[in-house]
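Peer 1: have a look; sequence and predicted model below, questions after that.
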Amino acid sequence: MNGPEKDASPQTVFMSLQEFFDPDRHAPAPLVLLPPPLNPFPPEEKVRIFAKLMYLSPTLNLKWAPAFEMLRRALESEGTVGAQRVVEASSGNMALALALQSRAFGFSSVSSYVPADLALVKKELLHLAGVNLTFCTDVPGEPSAIEKARSQGAEPDFVNLAQYENPGNPEAHARWTATGIWEQTQGSLTVFCGGLGTTGTLVGARNVFRTLAPKVQLVGCLCAPGHAVPGLRTEERLAQIRFDWREGIHRVEVETKESYRASLKLIRSGLLAGPSSGVGLVGLIRFLEKCRMDPDKWSSLRNAAGDIVASFICGDTPHLYIDKYSTILDAADFAM
């Protein structure tokens, strides 16, 4: 992969903001083994589930590395010479990651087309970060937020990084997310699970594991029809994505309430993991439980030591959705 050579020595002192945002200068995001009852499988089944805390990053979300890589490539591209303003379609996390990093790469501002139902706290945080927001609702027959950002990116002084088709997105996840988990598990990983939003996380992981460890099963979580979780898409809305994400990825649909409920369980277990993290946990367990019904499939998930080692992505924190939990969940959920 193109890019700077990997530095094996993480830093705690950074001499510039661009250096601070460089993923090669940080240790991999922590990988945390889940205790029961978050892991519902009994010890004798030898199933270990790890949470990959991607929210422990300089931008407090998993978009940190893809934003860095796309900005780096834009800076080196002749096609963006003279562009001062970045425009992107985003559910919020990429817009924040770009806003925090763009000035370190010489861009003056970030504009974003965001969902009309954007959580209030996330909207206020993006305002603090200086993002110029345009609220959108996808209407059949009218340009989507992605198309609007692409169109504005063609105007003078603008650049659209196009996270839904920019190869820097999956390649960042290949380089820093999937490879990091593989190294942290010392090559014992057998199941990788993440959400399907831009699909960059899963596409990047597939690109790594198809040669590094073809036995690793890939699980992509998406929203069930009629449901919504920040950062994820339904099957219908995934049709807007230009990455070839379907091949080799098991898809699991998750509903809104169960995502927030799983997030709440993670929080109360000690991990400040948001609703998209809940999607990953629910989807992973659902996939594992389905495989367990077929002895051959269940056996195929085990590594050479006889263990099933699974990891799911925790993409952001609950802080941005504080106003959502009490309206989505029932009183009984908070009494657990």
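Peer 2: All right, it came through fine. Numbers count the residues shown, from 1 in each chain.

Peer 1: residue 74 reaches residue 82, doesn't it?
Peer 2: No. Taking Cβ atoms under 8 Å as the definition, residue 74 is not a contact partner of residue 82, at 11.8 Å. In short, each C-beta sits where N, CA and C put it, glycine included.

Peer 1: more neighbours, these two?
Peer 2: Higher neighbour count among residue 74 and residue 82: residue 74, with 21 against 8, using other Cβ atoms under 10 Å.

Peer 1: you'd agree residue 202 is in a strand?
Peer 2: No. Assessed with DSSP: H, G, I helix; E, B strand; the rest coil, residue 202 is helix; it does not lie in a strand.

Peer 1: and for it, the neighbour number?
Peer 2: Around residue 202 there are 30 other residues, counting by other Cβ under 10 Å.

Peer 1: ditto for residue 109
Peer 2: Counted with other Cβ under 10 Å, residue 109 comes out at 16.

Peer 1: how close does the spatially closest residue to it that is not a sequence neighbour sit to residue 303?
Peer 2: Distances taken as Cβ to Cβ, 6 or more residues apart in numbering place residue 85 nearest to residue 109, at 4.9 Å, with adjacent residues excluded. Separation of residue 85 from residue 303 (Cβ to Cβ, to the nearest Å) stands at 48 Å.

Peer 1: now residue 231
Peer 2: 30 Å.

Peer 1: the two: which is more packed in?
Peer 2: residue 231 (24 against 17).

Peer 1: I'd say that one and residue 320 touch.
Peer 2: No. Assessed by Cβ under 8 Å, residue 231 is found out of contact with residue 320, at 10.2 Å.

Peer 1: list the residues that contact both of these two?
Peer 2: Jointly contacting residue 231 and residue 320 under the rule Cβ atoms under 8 Å, 6 or more residues apart in numbering are residue 92.

Peer 1: where do the strands sit along the stretch 101-250 of the chain?
Peer 2: For the stretch 101-250 of the chain, applying DSSP state E, counting those that start in this stretch gives strands covering 109-115, 131-136, 158-160, 191-195, 217-223, 249-254.

Peer 1: mind listing what's buried in the second one?
Peer 2: Translated: strand 131-136. For strand 131-136, burial by neighbour count (16 or more other Cβ atoms under 10 Å) applies to 131, 133, 136.

Peer 1: list of residues touching it?
Peer 2: Against strand 131-136 from outside (Cβ under 8 Å, 6+ apart): 89, 95-96, 99, 109-116, 118, 123, 126-127, 144-145, 148.

Peer 1: can you give me the mean pLDDT across it?
Peer 2: The average pLDDT for strand 131-136 rounds to 97.

Peer 1: and the last one, by the same measure?
Peer 2: Averaging pLDDT along strand 249-254 yields 98.

Peer 1: re earlier: bridge partners for the residue nearest to residue 109, pull those for me.
Peer 2: residue 109, residue 158 (DSSP bridges).

Peer 1: for it, grab the count of nearby residues.
Peer 2: 18.

Peer 1: list the contacts of it.
Peer 2: 107, 108, 109, 110, 111, 157, 158, 159.
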